[in-house]
Every structure is written in structure tokens, then in C-alpha cells.
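K.L.:
with the input below, show me the fold.
(4 chains)
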Protein chains: 2
Amino acid sequence: MVATAERGTAQAIREEAAKLFFERGYDATSLRQVASAVGLMVGSLYNHIDSKEHLLLQIMGGIIDDLLDSARKAAMVDGDAIDRLEAVLAAHLTFHAERAQEVFIGNAELRSLSDGARHVVIEKRHEYELFLQGLVEDAGRAGLADVIDAKIHVYSFVAQATHIASWFKPGGRMSLDEIVAIYTKLALRELNVPDADARVDQRR
Amino acid sequence: MVATAERGTAQAIREEAAKLFFERGYDATSLRQVASAVGLMVGSLYNHIDSKEHLLLQIMGGIIDDLLDSARKAAMVDGDAIDRLEAVLAAHLTFHAERAQEVFIGNAELRSLSDGARHVVIEKRHEYELFLQGLVEDAGRAGLADVIDAKIHVYSFVAQATHIASWFKPGGRMSLDEIVAIYTKLALRELNVPDADARVDQRR
DNA sequence: GTTTAACGCACGGACATTCGTTTGCTTGCT
DNA sequence: AGCAAGCAAACGAATGTCCGTGCGTTAAAC
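P.N.:
Next comes the predicted model:
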């Protein structure tokens, strides 16, 4: 209970570590660098973390659950299957841009996880993809989209968002809203949704 | 020495290292693991390589040049701007699938390169993107495609292919040709090219 | 055709560093 | 007095790299 505007040392460690893992990679980042970024000596970190891998796990931890939550929440919108897909895609893209660092780490450092933890993450990721796939199939069944292969469309959406997470920085050439709008159009276009652009523009 | 199917020790080292870098990452792969995969002791590697980083550089080295070459060659096809784009996209996708391991390493291990080497790679990558961007803009100017933002379309194509490189394995659910065809359709669809699917099917 | 010298290449041990982690000890707040 | 949290120092293990040695093959010298 310090009187200063402390965000908590543990939180600071997680944030600085995330920054470094993002820039250099997990293996290439030493705990001494993390400690230095926080303004501590190495040993002191262990007053706040269990181990380096557990620190990575903490960082990657909530991401997928949060992503699934945000998608499920977005899917509760009123309208037809395309409206639902549109809303979920907007949430999907926004999430990947806003939490780009964590998303990137979550993708790039899967290999650095121990087997058990990795499979948990992969399983959740699969669950997320199945959720998106369901929305695509719904739109296809409703005759609102021309689905070539639902899985590939989902891969496409995932690829786009993942890629965004690797380059997006606030204050760039485009605002987040513009980016989301464009990529949503691309998604509807690739599903041959009639008047894809107009649909997206109309919602803004 | 019996004349076995020699591939050259240096080449074997590069191949085994690429496999390991792909699976575990550059930093997480020790030269002792590489040596063991080749059937050597660590020190013996240094009869064939300069350093670990130089080994990575060798592996990543040719990739982008090869990619650019393959794209330039594909662009020399007869036809309109869409035909050209289509041919280049097919080459683009095929390349990323066939050389998935190297492509993946080239993307994931950029961070592991020293500053000088990294900037060379980034520069070449930019050159490649500009080449694709030119094709997209050509198609737009010719009135054959409805271009939202040329750079974003290129990002989209890059994202898709990069993602393919992370999951494609020969002998999967779909043949390489099918995959290329589908993703080419997606690309033309997202450019609002009329009769996108028919155009692609017709070419096969 | 034999000897000799050279060379390529693998071995295994050693090296300085760096890593993650642990351990006491100290400090300052309550 | 108690306790969370910092520090310095040290640990063993692992890493990239180098070096002295020995072996098998090749090629020139006799």
C-alpha cells in the first residue's frame, strides 16, 4: 500500500517483459534485461514471478480467452448472419490491433511453451476458429455468402488479423477504425456478399 | 568411403539446421543439436560454417531473391493486368507453400539477425511488396479491379501466403493446386474482379 | 611402386560467457 | 517486532567458439 501512483511491481514486470519479448523474442530476452527495464536487479524479480516460463505463460495466458469472450459478445448483435459475422470481424480485428504485442507474442512464442501449456493454447485457438467457422457456414447456408471453403475463409481472417498485429502502431497512416473497415470489406468481398462495401460503410 | 548418396556435409548442416530452426526457433536450437542431427560433434561444424548467425543468414539468404525472381518471371505472361496479377499470385502462393520452412524462418527469425543483415532483408521485402503493389495499381487503373487501398491489398496477399507457410504440409486435405486456386479466387474476389471464380477455374 | 608430404575433416576437451535460479543479508515501512 | 521487497553474490548448467590431435585419402617425389 504505497502512497505513490504505483501500478504494482508485478504488473510493471509483465509489461516490460512483454515489450522485450515482442522486440527480441522470448529466448533472446534475458531476465537481466527485464529487470533492468523495470529498474531492479535480477534476483529481485523472483519476489514477483515463479519462473521465466511462467512469466511468459502469464503474458500469453488471458489473450485467447479474452479474444473468445470479445467474439462471443460481438456475435450477440441483432440482424442476419452477415451482420453477426461483420460484428465479430470488427471485434476480431480491433482486438488484434489494440493488443498487437500480446497477440504477436502469443503467435510467435508458442514454440517456447512446454508441451502441456502449448496444447492448452492450441486447443483454445482451435475452439476460436471453429466459432468463426460456424458464422461463415451460417452465412453460407442462409444464402447470404458464397462460401468456397469455410476453413480457408477462417484461415484468411486469422491471417489478416495476425499480420495486422505485426505492423499496427497507433498514429500511423490510417486510424484503427479505417483499418477495421477496410479489412471487413475485404472479408465480405471474399465471401461474395452483395454490396459488401456499402454494408460496411452504412454501419459506421 | 562408399559412394553413398552424398549431399555434401555443408548442405546437410544447412538442411538439418533449417529443420530445427523451424521447429524450435533459432535461439532455442543449439549447435550441438544441429551437430547431432547431422551426425557430428559440435566442433566439427566449424569446418563448414563461420558462425551460428552466418548459418542462419545462409538459410535465410536466397529466399527473398528467389521469391522476387519467381514473381518477375511469372509477371511476363501474356494478357491483361488481371492475368498478370493472377500469374504472380499463383507463383507467390506456390512459392510460400513449397518452401514453407525457409519462408517461415525468414519471417520468424528476422529479429535474430544483426542490424545490418536485417535491414538488407527488410529492404528486399519492401521491394517485393512494391512490385506486387504495382500490379494491383495497374489492375485498378485499367478498370479491371476495384482497389480500396493498394498497400492493404498487398498486405492481405502477403498475410495469406505467410499463414499458408505456417500450416501447409504436402499430403494434407487439399492439394497444392487446389489451395493455390482457392486463394487466388479470394484475392480476385477482394479486388471485386468480375467473374473472379470463373477466371481462375478457366485457367486450370 | 613405394615413400612422403599435405590436406580435409572429425574428434573431444577446453574456454569464457551468459543464462535462470537460489540464498543470505539488508533496508525501510508499518 | 515483523515483513515485504530490494541487493549482491554465487550456483550449476548450457551455450558458442576455438584448438591440439589423429586419422584416412590424395598427390607429388623418388
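K.L.:
let me see the domain layout of chain A.
P.N.:
A:1-49, A:60-202 (automatic domain parsing).
K.L.:
near DNA strand D at all, the first one?
P.N.:
Yes - using Cβ under 7 Å from any atom of the strand, domain A:1-49 comes into contact with DNA strand D via A:9, A:39-44, A:47-48. Glycine gets a C-beta too; all of them are placed from N, C-alpha and C.
K.L.:
which among the residues you listed are in contact with DNA strand C?
P.N.:
Among the residues of domain A:1-49 next to DNA strand D, DNA strand C is touched by A:42-43 when using Cβ under 7 Å from any atom of the strand.
K.L.:
the residues of domain A:1-49 next to DNA strand D, buried ones only, as a ChimeraX selection?
P.N.:
Selection of buried members from the residues of domain A:1-49 next to DNA strand D for ChimeraX, criterion 16 or more other Cβ atoms under 10 Å in any protein chain shown:
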select /A:9,40,48
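K.L.:
between the residues of domain A:1-49 next to DNA strand D, which is closest to DNA strand D?
P.N.:
Of all these, DNA strand D sits closest to A:Gly43, with 2.6 Å by Cβ to the nearest atom of the strand.
K.L.:
pull the residues that contact the helix or strand containing that closest one.
P.N.:
Secondary structure assigned from DSSP states H and E places A:Gly43 in helix A:42-45. Helix A:42-45 is contacted from outside by A:13, A:31-32, A:34-35, A:38, using Cβ atoms under 8 Å, 6 or more residues apart in numbering or on different chains.
K.L.:
what do you get if the cut-off is 6 Å, keeping everything else the same?
P.N.:
Helix A:42-45 is contacted by residues A:31-32, A:35 when judged by Cβ atoms under 6 Å, 6 or more residues apart in numbering or on different chains.
K.L.:
among these, name the ones in helices.
P.N.:
A:31-32, A:35 (DSSP state H).
K.L.:
all helices for chain A, in order.
P.N.:
For chain A, the helices defined by DSSP H cover A:9-24, A:31-38, A:42-45, A:52-74, A:81-98, A:100-108, A:115-141, A:150-167, A:176-190, A:196-202.
K.L.:
any idea how far the third one is from the chain center?
P.N.:
What it means is helix A:42-45. Here helix A:42-45 is found 30 Å from its chain centre; the criterion is Cα atoms, centre = their mean, to the nearest Å.
K.L.:
so what's the residue nearest the centre of chain A up against?
P.N.:
Taking Cα atoms, centre = their mean, the centroid of chain A lies closest to A:His96, which sits 3.8 Å from it. The contact partners of A:His96, by Cβ under 6 Å, 6+ apart, come to A:103, A:161, A:164-165.
K.L.:
again with A:Tyr128
P.N.:
With Cβ under 6 Å, 6+ apart, A:Tyr128 has these contacts: A:Leu68.
K.L.:
how much space separates it from A:Ala196?
P.N.:
For A:Tyr128, the distance to A:Ala196 (Cβ to Cβ, to the nearest Å) stands at 24 Å.
K.L.:
coming back round to it: pull out the buried members of the ones in helices among the contacts of helix A:42-45.
P.N.:
Here the buried ones among these, as counted with 16+ other Cβ under 10 Å, turn out to be A:31, A:35.
K.L.:
between the ones in helices among the contacts of helix A:42-45, which is closest to chain B?
P.N.:
A:Leu31 (14.5 Å; Cβ to the nearest Cβ).
K.L.:
so, low pLDDT: which residues of chain A?
P.N.:
Along chain A, segments meeting pLDDT under 70 span A:1-6.
K.L.:
what residues does it put near DNA strand D?
P.N.:
Counting by Cβ under 7 Å from any atom of the strand, chain A sits next to DNA strand D at A:9, A:39-44, A:47-48.
K.L.:
same list, these, but as a markdown table with distance to B:Arg204 please.
P.N.:
Formatted as a markdown table, those follow (distance: Cβ to Cβ, whole Å):
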| residue | distance to B:Arg204 |
| --- | --- |
| A:Thr9 | 61 |
| A:Gly39 | 61 |
| A:Leu40 | 61 |
| A:Met41 | 64 |
| A:Val42 | 59 |
| A:Gly43 | 63 |
| A:Ser44 | 63 |
| A:Asn47 | 63 |
| A:His48 | 59 |
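K.L.:
okay, now A:Ser30: neighbour count?
P.N.:
For A:Ser30, the neighbour count with other Cβ atoms under 10 Å in any protein chain shown is 13.
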